[in-house]
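Undergrad: predicted structure and sequence below. I'll ask about it afterward.
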Amino acid sequence: MKEVKKYDPKDYVPDIELCKKLKDLGFPQDGGGFYWDIGLTGKLYLCLYRKNIKDSFFAWDGIQKADVIFIDDDFYQNFVKAPTSGELLIYHPPDFKEEYVDGEFRIWDDKTNPSFIATDKKEVNARAKLVIYLLEKLNKIHNK
């Protein structure tokens, strides 16, 4: 019998360090969706914020889904937004190319900057790297 891979939301969001970088560069941190959180014990959790369910989070600790955590406004101020590929695609320039090559997802701009390439084994990480690149470029323009 074929083993079915257990659903792990961490497969669908960027790694914590990329999410922290996105936050530092001004990526929106509001709304529903996934958020990284380091719990009081120092353990890393990925939480799903569901605004329509009494402002609650469903938390995964990497092994299993934990109980629903009900929150107040102050509770999630230290969370880091963990956008999905769909959320990151909003920022994807239409002229960038993408492909899977040798087990890596690659995104590049072959018109204005053929040397730029974002690669990663996880598609969502490559998309996060692209958005980081674009935000850094935008920040350089605004800081001149």
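TA: Received it, and whenever you're ready, just let me know what you need.

Undergrad: since we're on the residue nearest to D15 when sequence neighbours are not counted, how many residues are nearby?
TA: Among residues not flanking D15 along the chain, N125 sits closest, at 6.0 Å (C-beta to C-beta, 6 or more residues apart in numbering). In this view, the C-beta of every residue, glycine as well, is placed from N, C-alpha and C. Counted by other C-beta atoms under 10 Å, the residues lying close to N125 total 21.

Undergrad: what separation is there between N125 and V4?
TA: N125 sits 24 Å away from V4, going by C-beta to C-beta, to the nearest Å.

Undergrad: K129 too?
TA: In terms of C-beta to C-beta, K129 sits 30 Å off from V4.

Undergrad: go on, A82?
TA: Distance of A82 to V4, computed by C-beta to C-beta: 24 Å.

Undergrad: what about the helices in the chain?
TA: With helices called from DSSP state H, the chain shows them at 16-24, 85-89, 123-142.

Undergrad: touching the longest one from outside, list them.
TA: When you say that, I think you mean helix 123-142. 12-15, 18-19, 21-22, 25-27, 83-85, 88-89, 91-93, 96, 98, 104-107, 116, 118-120 (C-beta atoms under 8 Å, 6 or more residues apart in numbering).

Undergrad: 6 Å instead?
TA: 14, 18, 21, 25, 85, 88, 91, 105, 107, 118-120 (C-beta atoms under 6 Å, 6 or more residues apart in numbering).
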